[in-house]
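S.K.: I would like to see how this sequence folds:
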Amino acid sequence: MNYLADYVDYHEGETYEELRKNFKIKIPENFNFTYDIVDRYASEAPEKKAMVWCNDDDEEHIFTFKDMSEYSKKAAVFLTRHGIQKGDVVMLMLRRRYEFWWLILALHRIGAVVVPATTQLKADDIIYRTNTAGVKMIVSFDDKRVLEQIEEALPKSPTVKDLVSVSEERKGWVNFHKELEECTADFPRPQGEKATHNEDPMLMYFTSGTSGYPKMVTHNFTYPLGHIVTAKFWQNVQDDKLHLSVAETGWGKAVWGKLYGQWICGATVFTYDMLAFTPDLFLRRISHYKVATFCAPATAYRFLIHQDLSNYDISNLKYCVTAGEAINPEVSNKFYEKTGLKLHEAYGQTETTCSIGTFVGIEPRPGSMGKPAPGYDIDIVDADGNKCKPNETGDIVIHLENGKPFGLFSEYYKNPEQTQKALGGKLYYTGDTAYFDEDGYIHFVGRNDDIIKSTGFRISPFEVESVLARHPAVLESAVTGMPDPKRGQIVKATIVLTKDYKPSKELETEIKTFAKENLAVYKIPRVVEFVNELPKTISGKIRRVEIRAKDTSK
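M.R.: Here you go, the predicted structure:
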């Protein structure tokens, strides 16, 4: 049982081309995901499983939609008792704890604005977010480091009125579970001025900041409907089957894969609240719980292909997808060799839903992100805004002439100038570059800021990284441009080694020779640096800007 047909015109078995031509979202008046999806399941199929949750301590909880409905109603009562009203901003720093789902659904009930945030934030990060967004409440849990960072930020966060803990008693913090016991599951849908409307702000994510300070991306109450494409046509989730997306709730990918589209399509969300990504433990969970569909960033697959997968029963795993950063063809091919499963890549941003993808019915092409999503009019354009020819690199843009596609953000919060620059014209520029091949597949080249310009040549970091990934010593790499007085920039490779290799001059020479044998001369890394880990954003994307800044300051 699912509600897909109520919100999208779609016929099972349609080809990608037919889907693109016929696709249309049905827009209800004043759609609210909590009332119109979760509460409806709770009424019509109360025992349908919404989530299977576990953690590293082997705790397990299974939540039905009835459970999710009732707990989110109690949470809404709790929040309103502490003064949270429609339009107020609440920050959730909860990793993958199940209380995140109760609270985000509760905040949707009220019409408050949710700001999910990663537990990796430091005090200065929290201060920036609370002051920029006007956060009124922060909810977190008993991670000592996280709580201390929040408390350190509090004196410089004047809008924050309450700190709420979903775990142990702590001085100065409201005990969520203790008060929740006193709350009833009675929270009728607000009417009149308190009712939510489609264009109201619902969710706010700070961009991951690969090259600049994070921007506040605001999505309205129709945003969940945009993730029908994400869940049904890219992740290929199945009714009542378990879907696992690797994402902390502070990352936008969490609502891509752990909430909206999955529940509209009737899938059960599997949530593993892990402290760190450990391939062995991860594969054990997939095996034990019989996960059917799986989504992970390229980094996770880079680790998984180095495991002996014959030690795990992953026979129930039927479909695997990847997004968040481009994946090297070598990784895709090795995963296919080991599992028989092809990786279906996709592309999107904090500002969008899944806008390019290897959708159901499209044959995966390693090295390509796929084709434009149903509902999105995507192009690759040159510096003058003209459509690029096949194999010509240009900017990835979204056409806005016929209106914004479902899932594209509403605004950069409290920044009308930046919003107008992004959304005020005929094209939305993503800031990424790519090219179409002769068959219409889109191939990622890189962020505009990451393109290396050496001796008149433009070099894609991803292209060089894809070659380096084929060397057995390379677990992952970041390729950047390093200042050079003669060439403008030279290519540098910052490399994390696999466990069987150690840094040495001999290995550096070997890797350079390997690159020379597989790349044009101007693309060969002139500098190789071995590191224990690469700098990354909260969403796992490599921060090449940090490497460049370090090299420039030398």
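S.K.: Please report the distance of Leu427 from Ile378.
M.R.: Using Cβ to Cβ, to the nearest Å, Leu427 is found at 10 Å from Ile378. From N, CA and C alone the C-beta is placed, and that goes for glycine too.
S.K.: Let me know the pLDDT of Ser208.
M.R.: Listed pLDDT for Ser208 reads 59.
S.K.: Based on its surroundings, how many neighbours for Gln191?
M.R.: Residues lying near Gln191 (other Cβ atoms under 10 Å) number 7.
S.K.: Now it, what are its backbone angles?
M.R.: Torsion angles at Gln191 (phi, psi; degrees, to the nearest 10) stand at phi -120, psi 170.
S.K.: cool, Asp437 as well?
M.R.: Main-chain dihedrals, Asp437, degrees, to the nearest 10: phi -90, psi -180.
S.K.: What's the local residue count around it?
M.R.: By the measure other Cβ under 10 Å, the count of residues near Asp437 is 13.
S.K.: What of Asn328?
M.R.: Neighbour count for Asn328, taken as other Cβ under 10 Å: 24.
S.K.: now the one 10 residues further on
M.R.: Burial of Lys338 is recorded as 16 neighbouring residues (other Cβ under 10 Å).
S.K.: Pull up the gap between it and Ile327, please.
M.R.: Relative to Ile327, and taking Cβ to Cβ, Lys338 is found at 15 Å.
S.K.: before we move on, back to that, which residues are common contacts for Leu427 and Ile378?
M.R.: The contact sets of Leu427 and Ile378 overlap at 397-399 (Cβ atoms under 8 Å, 6 or more residues apart in numbering).
S.K.: From the residues you listed, which land in strands?
M.R.: Members of those lying in strands (criterion: DSSP state E): 397-399.
S.K.: Quick check: Thr64 touching Val52?
M.R.: No. Using Cβ atoms under 8 Å, Thr64 is not in contact with Val52; the gap is 10.8 Å.
S.K.: Need the distance between the two termini of stretch 107-114.
M.R.: Distance across stretch 107-114, first residue to last, is 7 Å (Cα to Cα, to the nearest Å).
S.K.: Just checking: what are the partner strands of the worst-scoring helix or strand of the chain on mean pLDDT?
M.R.: Using mean pLDDT, DSSP states H and E, the weakest-scoring helix or strand in the chain turns out to be strand 457-459, at a mean of 75. Sheet pairing here is set by DSSP bridges, and for strand 457-459 it gives strand 452-454 (antiparallel).
S.K.: For the stretch 101-250 of the chain, just list every one of the helices.
M.R.: Counting by DSSP state H, counting those that start in this stretch, the stretch 101-250 of the chain has helices at residues 123-133, 144-153, 176-180, 223-228.
S.K.: Mean neighbour count, mean pLDDT and distance to Tyr319 added to the ones you listed, as a markdown table?
M.R.: Putting the helices of the stretch 101-250 of the chain into a markdown table (neighbours: other Cβ atoms under 10 Å; pLDDT from 0 to 100; distance: least, Cβ to Cβ, whole Å) gives the following:
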| stretch | mean neighbour count | mean pLDDT | distance to Tyr319 |
| --- | --- | --- | --- |
| helix 123-133 | 19 | 92 | 35 |
| helix 144-153 | 17 | 94 | 34 |
| helix 176-180 | 15 | 97 | 36 |
| helix 223-228 | 26 | 97 | 17 |
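S.K.: any idea which of the shared contacts of Leu427 and Ile378 has the most stuff around it?
M.R.: With neighbours defined as other Cβ under 10 Å, the most crowded of the shared contacts of Leu427 and Ile378 is Ile398; it has 23 neighbours.
S.K.: which non-adjacent residue is nearest that one?
M.R.: Once flanking residues are discounted, Ile398 sits nearest to Tyr428: 4.3 Å by Cβ to Cβ, 6 or more residues apart in numbering.
S.K.: what sits against Lys161?
M.R.: Residues near Lys161 by Cβ under 8 Å, 6+ apart: 82-83, 136-137.
S.K.: re earlier: which of the shared contacts of Leu427 and Ile378 sits closest to Glu152?
M.R.: Using Cβ to Cβ, Ile398 comes nearest to Glu152 of the shared contacts of Leu427 and Ile378, at 39.7 Å.
S.K.: about what we covered before: closest to Asp88 among the ones in strands among the shared contacts of Leu427 and Ile378?
M.R.: Checking those against Asp88 by Cβ to Cβ gives Ile398 as the nearest, at 31.1 Å.
S.K.: I'd like the helices of the stretch 101-250 of the chain laid out as CSV, including distance to Phe457.
M.R.: Converted to CSV, the helices of the stretch 101-250 of the chain look like this (distance: least, Cβ to Cβ, whole Å):
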stretch, distance to Phe457
helix 123-133, 37
helix 144-153, 44
helix 176-180, 56
helix 223-228, 38
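S.K.: Of all the ones you listed, which one comes closest to Glu59?
M.R.: helix 176-180 (14.6 Å).
S.K.: from the middle of its chain, how far away would the closest one be?
M.R.: Relative to the centre of its chain, helix 176-180 is centred 30 Å away, using Cα atoms, centre = their mean, to the nearest Å.
S.K.: do stretch 512-531 as well
M.R.: Centroid separation between stretch 512-531 and its chain, computed with Cα atoms, centre = their mean, is 31 Å.
S.K.: what's that stretch in contact with?
M.R.: Contact partners of stretch 512-531, identified using Cβ under 8 Å, 6+ apart, comprise 454-455, 457, 459, 463-464, 467-468, 470-471, 479, 482, 490-497, 503, 507-508, 511.
S.K.: now the strands for the stretch 51-200 of the chain?
M.R.: Assigned by DSSP state E, counting those that start in this stretch, the stretch 51-200 of the chain shows strands spanning 60-64, 89-92, 113-116, 135-140, 162-165, 174-175.
S.K.: Make JSON lines out of those and add mean neighbour count.
M.R.: Below are the strands of the stretch 51-200 of the chain laid out as JSON lines (neighbours: other Cβ atoms under 10 Å):
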{"stretch": "strand 60-64", "mean neighbour count": "15"}
{"stretch": "strand 89-92", "mean neighbour count": "25"}
{"stretch": "strand 113-116", "mean neighbour count": "24"}
{"stretch": "strand 135-140", "mean neighbour count": "24"}
{"stretch": "strand 162-165", "mean neighbour count": "19"}
{"stretch": "strand 174-175", "mean neighbour count": "16"}
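S.K.: what's the closest of these to Glu411?
M.R.: Closest among those, using Cβ to Cβ: strand 113-116, at 12.1 Å.
S.K.: What helices and strands are in contact with the closest one?
M.R.: Using 3 or more Cβ pairs under 8 Å, 6 or more residues apart in numbering; DSSP states H and E, the elements in contact with strand 113-116 are strand 89-92, helix 99-110, helix 123-133, strand 201-206.
S.K.: between the longest one and strand 201-206, how big is the angle?
M.R.: Computed by axes from the mean of the first three to the mean of the last three Cα atoms, to 10 degrees, the angle separating helix 99-110 from strand 201-206 equals 140 degrees.
S.K.: mind starting the numbering at 7 from now?
M.R.: Renumbered: residue one is now 7, and that last one reads helix 105-116.
S.K.: where does this structure dip in pLDDT?
M.R.: Where the chain drops to pLDDT under 70, the residues are 214-219, 462, 544-546, 560.
S.K.: For the stretch 457-560 of the chain, which segments count as strands?
M.R.: Per DSSP E, counting those that start in this stretch, the stretch 457-560 of the chain carries strands over the ranges 458-460, 463-465, 480-490, 494-503, 533-536.
S.K.: oh, I was asking about the stretch 257-406 of the chain
M.R.: Under DSSP E, counting those that start in this stretch, the stretch 257-406 of the chain gives strands at 274-279, 299-302, 325-328, 349-353, 362-363, 377-378, 384-387, 400-405.
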